[in-house]
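Q: Here is my input, please return the structure:
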Amino acid sequence: MSAVQDAKPLPCADYHQVIRQLVEERANLTRLETRHVVEAILNCQFSDLQIAATLVALSRKGETADEIAGAVDAILSRSTPLQTGFDNAVDIGGTGGDRAGTFNISTTAAFVTAAVGVPVVKHGNRSVTSRCGSSDVIAALGVDVEQRSSAQQIRADLAAYNFAFVATASFHRFAPRIGEIRREIGVRSVFNLAGPLVHPAGVKRQLIGVARPTQLELMADTLQRLGREEAFVVHGLDGLDEVSCVGETRVAHVRHGTVETFSLHPRDFGVDACRMQDLVGGDPARNAQLCTAIIEGERGPRSDAVVIAASALLVLSARAGSFLEGAYMAREAIDSGKAYQVFQGFLGQGL
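A: Numbering: from 1, shown residues only. Predicted structure coming up:
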């Protein structure tokens, strides 16, 4: 991440200046101004009403790349970087907010990717804009999410299974009321957009799904500002914040300061397109069942969606030379039982 100058938290009295700038002037904040504002929110210098109003005002105006980067700066300034010893580790996840109600495709795909030989540090949170976040489904699988998110355990899990999970709440300590306010608001906020970008391990390669087509270029621009080495930002044109198994996906490939855009279709992975309803999940317990069934070898649209997501991550990590090859590698990892071994190993008791 590129450096920014140190900033003092914004005084609570300046809330009125910020809200007038966002609502009356519809003016953008600078990166440093946004860092101040988000620090004030995280430090609970704003009232609950002021926090809600600020987040909604930013969302209503439309966040800029500088504003998202400023939020990332504020969140990371409160956290200790996680040293994993795996410089080639990757992550896959989305901003949420697509309202599609799909099962946890990215989390399931992370296990499969790890089984192919790519270290994965899956970073996730409890649900805010969906029924089941990645932390929810991992917990439903019987894992003590907080215990498995310790730095020592993450390094041990990576060494043993090529997979580790880090819960956002275990590294980025927010006052409980922040999450409660976000749930009360009920709509996506700058925290959704910044969330995938504040990975504690500072992974250099990420696949990030966005819920709206306008966010594709926005997130790619933000990643450039943050100095990310390489990433795929994806948006399924059917509304998914995933590489789509339903139809076309637009991809922004961020690499060393450049952005290339292209499209993908399920046929590029050697699978047939499915219907959106084929991918619908449920509560954490239901999604844990679906994840387990896919890892155990169940075929069908849900399995195809996982294979597609894993393939894209394998291409991004340079493990696969094409999306078709990546899909073959992902399918083989499931059919051979390698993915099941990683899955079952991780579900053990840990240290």
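Q: which ones are touching A167?
A: By CB atoms under 8 Å, 6 or more residues apart in numbering, the contact list for A167 reads 124-125, 135, 138, 145-146, 148-149. For every residue, glycine as well, the C-beta is placed using N, CA and C.
Q: Write a ChimeraX command that selects only the buried members of these.
A: In ChimeraX, this line selects whichever of the contacts of A167 come out buried by 16 or more other CB atoms under 10 Å:
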select :124,125,135,138,145,148,149
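Q: Assess the claim that G345 and Y161 are in contact.
A: Yes. Contact between G345 and Y161 holds when scored by CB atoms under 8 Å: they sit 4.5 Å apart.
Q: more neighbours, those two?
A: A count of neighbours by other CB atoms under 10 Å puts Y161 above the other of G345 and Y161, at 21 against 14.
Q: got the contact list for that one?
A: Contacts of Y161 (CB under 8 Å, 6+ apart): 114, 342, 345-346.
Q: What is the most widely separated pair among those residues?
A: Largest separation among the contacts of Y161 by CB to CB: A114 and G345, giving 9.9 Å.
Q: follow-up on the earlier one: what two of the contacts of A167 are the furthest from one another?
A: Spanning the widest gap among the contacts of A167 are N125 and R148, at 14.5 Å by CB to CB.
Q: what's the burial count for V137?
A: Count around V137 with other CB under 10 Å applied: 26.
Q: likewise S336?
A: 12.
Q: Same question for E67.
A: For E67, using other CB under 10 Å, the count is 27.
Q: Okay, A115 and L313: tell me how far apart.
A: 12 Å (CB to CB, to the nearest Å).
Q: Those two: which is more packed in?
A: Neighbour totals were compared for A115 and L313, and L313 leads with 30 against 27 (other CB under 10 Å).
Q: In contact with that one, which residues are there?
A: 90, 92, 109-110, 113, 118, 120, 207, 326 are the contacts of L313 under CB under 8 Å, 6+ apart.
Q: Check what pLDDT it gets.
A: Here, the pLDDT recorded for L313 equals 97.
Q: C12 too?
A: Reported pLDDT for C12: 47.
Q: go on, the one 4 residues further on?
A: In the predicted model, H16 carries a pLDDT score of 91.
Q: what packs against the helix or strand harbouring V233?
A: Assigned by DSSP states H and E, V233 belongs to strand 230-236. When contacts are defined as 3 or more CB pairs under 8 Å, 6 or more residues apart in numbering; DSSP states H and E, strand 230-236 sits against strand 205-209, helix 214-225, strand 249-255, helix 301-316.
Q: closest to I51 out of these?
A: Per CB to CB, nearest to I51 of the helices and strands packed on strand 230-236: helix 214-225, 22.0 Å.
Q: Show me the beta-bridge partners of the residue at minimal distance from the centre of the chain.
A: With distances taken as CA atoms, centre = their mean, the chain has G93 as the residue nearest its mean C-alpha position (3.1 Å). With DSSP bridges applied, the residues forming beta bridges to G93 are I208.
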